[in-house]
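# predicted coordinates and the sequence they were generated for:
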Amino acid sequence: MSPQFSEDDVEEEQAHFQNVVSTFQQYARYSLNANNRRRKDIHTIPLADRELLTRLGYGQKLKDVDKAILANAAFLNKIVESPEIFGHAIDADASEAGNGTPDPRSGETTHEHAHPHPHAHSHDRPTRPSDPRKGRYRPTEYDMDKLRSTIKLFVRDWSRDGKTERDLCYEPMKKALEEHFEGKDRSTLRVLVPGAGLGRLAYDVARLGFACQGNEFSHYMLLASYLILNRTQSIDEHTIYPYIHSFSNVSSRETLLKAVTIPDVLPSDLPPGSNFSLVAGDFEEIYGAEYTDENEPQAGKWDAILTCFFIDTAKNIVNYLRVLHRILAPGGVWINLGPLLWHFENNEHEYPSIELDLAEVKELARTIGFKLYDECTIDTSYSSNDQSMLGYVYHAAFWKAVKVSPAE
Ligand SMILES: C[S@@+](CC[C@H](N)C(=O)[O-])C[C@H]1O[C@@H](n2cnc3c(N)ncnc32)[C@H](O)[C@@H]1O
């Protein structure tokens, strides 16, 4: 039996989706306001100081940032120009297109590489839910932060600048996958990538010839990856300015205003007969459900599962590991890479959060019935700007695991 959702659940999901669309649409106004604050602040300092700033060209820099904001907004508006293709009704009064930015173009509405799932439940909730019937949603700083992170994630997944990071994270996982199934017919092997983000790892795996399904529950990610995966016409089609939103730890004007073109590959360029999909919804609800639908076989049916920067999104890591164990096929492999930045630690929504250390996670995995091997640490960044004056490195845990006994 599939899990049931109440009318309230469905309505809440609908309202949340609409708020996310609204956040995309109001990016320009919000970001221009934020930049305008800097402009106003110039007038609060003494005239002599202002003159020195003028000589530095600080005012001109603010104008350049405004232009970059409008360019980002034009791109973001393309992402949300046909939100109805996600199966949600959009309330025209509560939503708003344009906001002083170029008009979104119309586009095709096919949905090959992402589809709404009946159990889609996204947990990237804004801090201030709104009732769409009460007028246009006012995005919060939390919403905008999600959107700005999404813009930066395009660099990680779909730009040439992201290659170093991808090589550190995705390459070892792909290599482990290829080695595990050396000599096998890849097209018959089903690979799952939970928490697929903007979809690059899942796409790369499909490109290697495996049947690959990504799973993602964030509307920000799903909307953004849809544009790249399904509507890209050419390499470097879009230009974005990912680093304009903060003036802190910036080494030069060039780094602040750095333009990044995406995508670095043509996503439609998959081998003939490829099997690639993205399923929207909560990993535990979709893959952990206690039923087996003919169209969605789960238990023991995934030959490989690739979790990249994902397992620490668990509220209850015990259940995540149980689900991974249950759905992995005998002879299959679970490949993990990531830190333990427990996403729900100290969350404001009173969600439970179980926060184990790495040794405990590994011991738990063994207890549940995995045998871990090829364990190592990979130093990598996540969505970093290598020209920033601030950088941080994760000592990410890598392992491969096979199923050695059924979980009790
Ligand atoms: C840290 S990001 C990693 C994204 C991608 N794997 C990468 O390496 O760039 C974690 C992703 O998992 C998604 N996510 C978190 N919890 C999830 C859940 N329960 N079901 C599906 N996706 C989830 C988030 O929306 C986010 O996109």
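Yes, it's here.
# and residue 224, what element?
Here residue 224 is covered by helix 219-231, with elements defined by DSSP states H and E.
# dump that helix to CSV, keeping only the CA atoms.
Provided in CSV are the C-alpha atoms of helix 219-231 (Å, rounded to 0.1, in the frame of the first residue of the first chain):
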residue,chain,number,x,y,z
HIS,A,219,11.8,22.3,-5.2
TYR,A,220,14.7,24.7,-5.7
MET,A,221,16.8,21.8,-7.0
LEU,A,222,14.1,20.2,-9.0
LEU,A,223,13.1,23.4,-10.8
ALA,A,224,16.7,24.3,-11.5
SER,A,225,17.8,20.9,-12.7
TYR,A,226,14.8,20.6,-14.9
LEU,A,227,15.9,23.6,-17.0
ILE,A,228,19.4,22.3,-17.5
LEU,A,229,18.5,18.7,-18.1
ASN,A,230,15.5,19.2,-20.4
ARG,A,231,15.7,22.5,-22.0
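# do that helix and the ligand meet?
Yes - contact of helix 219-231 with the ligand (CB under 6 Å from any ligand atom) involves residue 221. For glycine as for every other residue, the C-beta is placed from the backbone atoms N, C-alpha and C.
# next: stretch 327-340.
No - Stretch 327-340 is not in contact with the ligand by CB under 6 Å from any ligand atom; minimum separation 7.5 Å.
# can you give me the buried ones in that stretch?
The neighbour-count check on stretch 327-340 (16 or more other CB atoms under 10 Å) flags 327-329, 332-340 as buried.
# what mean pLDDT does the helix holding residue 224 have?
Average pLDDT, helix 219-231: 97.
# distance of the nearest residue to residue 370 once chain neighbours are set aside from residue 320?
Leaving aside its sequence neighbours, residue 370 sits nearest to residue 401 (CB to CB, 6 or more residues apart in numbering; 4.1 Å). Applying CB to CB, to the nearest Å, the value for residue 401 to residue 320 is 13 Å.
# likewise for residue 253?
44 Å.
# quick check: next helix or strand after the lengthiest helix in the chain?
Using DSSP state H to define each element, the chain has its longest helix at helix 58-79. Per DSSP H and E, the first helix or strand lying C-terminal to helix 58-79 is helix 141-158.
# got the buried residues for that next one?
Applying 16+ other CB under 10 Å to helix 141-158 flags 143-144, 146-148, 150-158 as buried.
# can you name the residues that contact the residue nearest the centre of the chain?
Nearest to the mean C-alpha position of the chain, counting by CA atoms, centre = their mean, stands residue 197 at 2.8 Å. Neighbouring residues of residue 197 by CB atoms under 8 Å, 6 or more residues apart in numbering: 153, 156-157, 216, 221, 225, 309.
# over to residue 165?
156, 380-384.
# got the CA positions of the host helix or strand of residue 165 in CSV?
Taking DSSP H and E as the definition, residue 165 sits inside helix 163-180. C-alpha atoms of helix 163-180 as CSV (Å, rounded to 0.1, in the frame of the first residue of the first chain):
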residue,chain,number,x,y,z
LYS,A,163,35.3,20.4,-12.5
THR,A,164,38.0,20.3,-9.8
GLU,A,165,35.3,19.7,-7.1
ARG,A,166,33.4,17.2,-9.3
ASP,A,167,36.7,15.3,-10.0
LEU,A,168,37.2,15.0,-6.2
CYS,A,169,33.7,13.9,-5.4
TYR,A,170,32.1,12.2,-8.3
GLU,A,171,35.1,10.6,-10.0
PRO,A,172,36.0,8.2,-7.2
MET,A,173,32.3,7.2,-6.9
LYS,A,174,32.0,6.6,-10.6
LYS,A,175,35.3,4.7,-10.7
ALA,A,176,34.1,2.5,-7.8
LEU,A,177,30.9,1.8,-9.6
GLU,A,178,32.6,0.8,-12.9
GLU,A,179,35.0,-1.4,-11.0
HIS,A,180,32.3,-3.2,-9.1
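# tilt between it and helix 141-158?
60 degrees (axes from the mean of the first three to the mean of the last three CA atoms, to 10 degrees).
# mind listing what's buried in helix 163-180?
So for helix 163-180, counting by 16+ other CB under 10 Å, buried means 165-166, 168-170, 172-174, 176-177, 180.
# near the ligand, which residues of this protein? Just list them.
The interface of the chain toward the ligand, taken as CB under 6 Å from any ligand atom, is made up of 156, 169, 194-197, 215-218, 221, 282-284, 308-310, 313.
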